[in-house]
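**Student:** here are the coordinates; sequence isn't available:
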């Protein structure tokens, strides 16, 4: 069973993603802030990470960078979720290493489709 | 009483002369050194030389005498005198002489001396007036060149000091925070108690001025700034007994302070006039300086407000999108069937909620786009774009929504597939906005027709209100039209529909809703492509919305890039200098080869383009300055001179355009 890590400070969003992904047969782990997310990622080594950008203290871009520059975790596909406000647009230009960006509000079916794409085989 | 110095050793002469000139003070000497001393100390008016004297070297004496304003009389006697000694004397009396001759000679010499002294005094006064005038002139010019309040007061005080040489000056002004400041400029250091009394005097002076708008002034609030020339000595209350001049600094009917100067030597009428003139000169530039300060402060406030607004919209958008995501997700899960079957009604109402989430999402996107456009932060990625596929894509995207009202969308291609230079996504956005508007305002079963053609700017015909937009266009454009059979727009509202948040008041638009930003955004996007947007309409029959995008060619590519450069310049407060050179083709080709050089020198802040049609070469650079334009001029001349034969009939016309923010270092005339 493939493991997916969901990191987002919005509990509601985490819950809806968790529901839909579990229905599709994935095991979901959840973290509600950047620090916990990073810790959990290193603990369980998921097959895919869904990462929110705007989080207090440590944002998604930083986490993505940290993981992608680490030999152990660089191959884990990261899907970033962004509300695409001006500040974030600026940061998107930087090297964050995420594999995909999805804007809020997103289509759940679309997310599931993308996840399946990354985790096939 | 006049003083006479008699240089002689002849006793009989001495006695005789002394008795004749009994009314005058006569001093006698025959010693060279003593003579010089007497001249220095006694200051005789006249010197009588007895040429018989052997002990004196006349030449030497005369040389010394030149420094003193004395009249010299020679007594000529038997001994012959050299020509050049003669040339130094003012008058000659031959020996023997009569008393009358001597007396009258002395008188006439005294009169001459008096006139000379008067003349010298007049000259001095004239010189002093001229000097004052010069100071006044230079002070005026300096005052005219400054917009800094503090600097203006300093220039004024400098001018007063130079022209009047005061011992002390007290200037009361008010700084930016409306606090009173007393500037003391003094030769010697003022004592503490003198400063205190000057402060009191300042308050009394100021309060005595009966103007309608006086500033508040309390003695304890006065800030004192001292400038002392020689601090080793002190000034005390004696300064208050010196002669003084006072003048108030008035701007309109507000008293902005005063200047009072003290001088031991009395002030003349000229001094007073000069003083008053200088202080009056300050009034006008002071008014400008104050206005300038206010404008600068207002501008700063506006800038901050703009920034705050942008930040606000950005944060709000983020905060709105997050809960919207959850609502959408929940609704999607409900309709996915994965948590059980839904009744028909439940499905219907959840569908309604979902549609409104999409609507809300669109409105937030519009708001965000608008704020980005206004902040000049919307980045465009221009590329060669085929228009047909874009139109097809939008048509298909909105087919679903149109179907709900039984509306059919048609695309009529009037010309071959045309290429434009545009940001494909934004082009799509413009079309989407226009077509969804058409759908919104069309009746059931209506038809929407999209068409495109190529047209030259000079052939475009529009309503008067749109003419200025069309006048900006030149060359060939792709024109797209979105036509509907909707309710139409009143003639007087045609231009307004493109305004922000503008929704024409009628029952239909209230039903239809929307952010009111769709057309405003479309307008900004089209104009960012150097195009234009407009509409035609007949009430209850339908409307036609048009927009033009420049065709893909070198020139348009350059113009778009230049527009982006201008945006960049605006955000960094710099200027863009565009140099247009019109010349014959062989020269243009040669200059285009220079492109590499220009790009190396000016890198990403410059663009170079050649216009095929009117053989104009354009170079635009950020922070362009005159030096670079001249450098370019030189390069062109060099290129020509290196190939005289080739370019012998070349006419070169240069035009320079400066756009963007002009500040002091960049300001120069076109």
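**Tutor:** Now that the structure is in, tell me what you want to look at. Quick caveat, the model's predicted, so the values are computed rather than measured. Numbering: from 1, shown residues only, chains lettered A, B, ... in the order given.
**Student:** which neighbours does the strand or helix carrying residue B:225 have in its sheet, and in what orientation?
**Tutor:** Using DSSP states H and E, residue B:225 maps to strand B:223-235. Using DSSP bridges, the strands paired with strand B:223-235 in its sheet are strand B:180-190 (parallel).
**Student:** Report the next helix or strand after the strand it pairs with in sequence order.
**Tutor:** Downstream of strand B:180-190, the first helix or strand assigned by DSSP H and E is helix B:192-208.
**Student:** Can you name every helix or strand that that next one contacts?
**Tutor:** Judged by 3 or more CB pairs under 8 Å, 6 or more residues apart in numbering or on different chains; DSSP states H and E, the packing partners of helix B:192-208 are strand B:168-174, strand B:180-190, strand B:223-235, strand B:254-263. C-beta here means a position set from N, CA and C on the backbone, and glycine is covered the same way.
**Student:** Check the offset of it from the chain's centre.
**Tutor:** From the chain centre to the centre of helix B:192-208 is a distance of 38 Å (CA atoms, centre = their mean, to the nearest Å).
**Student:** all helices for chain A, in order.
**Tutor:** Using DSSP state H, the helices found in chain A span residues A:11-23, A:34-44, A:60-68, A:86-92, A:108-119.
**Student:** Give me the angle between the third one and helix A:34-44.
**Tutor:** Think helix A:60-68. 20 degrees (axes from the mean of the first three to the mean of the last three CA atoms, to 10 degrees).
**Student:** mind listing what's buried in helix A:60-68?
**Tutor:** A:60, A:61, A:62, A:63, A:64, A:66, A:67, A:68 (16 or more other CB atoms under 10 Å in any protein chain shown).
**Student:** which residues does the residue most central in space within chain A contact?
**Tutor:** In chain A, the residue lying closest to the centroid (CA atoms, centre = their mean) is residue A:50, at 1.8 Å. In this structure, residue A:50 makes contact with A:4, A:5, A:6, A:7, A:8, A:17, A:79, A:81, A:111, A:115, judged by CB atoms under 8 Å, 6 or more residues apart in numbering or on different chains.
**Student:** Now those in TSV, please, with extra columns for distance to residue B:336.
**Tutor:** What follows is these, written out as TSV (distance: CB to CB, whole Å):
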residue	distance to residue B:336
A:4	18
A:5	23
A:6	18
A:7	24
A:8	20
A:17	13
A:79	20
A:81	19
A:111	13
A:115	15
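**Student:** Helix, strand, or coil at residue B:72?
**Tutor:** Per DSSP: H, G, I helix; E, B strand; the rest coil, the secondary structure class of residue B:72 is strand.
**Student:** To clarify, my last question referred to residue B:465.
**Tutor:** Classification of residue B:465 by three-state DSSP places it in helix.
**Student:** Please give the number of neighbouring residues around it.
**Tutor:** Using other CB atoms under 10 Å in any protein chain shown, residue B:465 is surrounded by 14 other residues.
**Student:** got it, and the one 5 residues further on?
**Tutor:** The criterion is other CB under 10 Å. On that basis, residue B:470 has 15 neighbouring residues.
**Student:** if I pick residue B:541, what's in contact with it?
**Tutor:** Counted by CB under 8 Å, 6+ apart, residue B:541 has contacts B:485, B:488.
**Student:** what sits against residue B:144?
**Tutor:** Taking CB under 8 Å, 6+ apart, we find residue B:144 in contact with residue B:285.
**Student:** beta partners for the residue nearest to the centre of chain A?
**Tutor:** Beta-bridge partners of residue A:50, counted by DSSP bridges, are residue A:6, residue A:79.
**Student:** Could you list the low-confidence segments of chain A?
**Tutor:** Applying pLDDT under 70 to chain A flags residues A:84-96, A:121.
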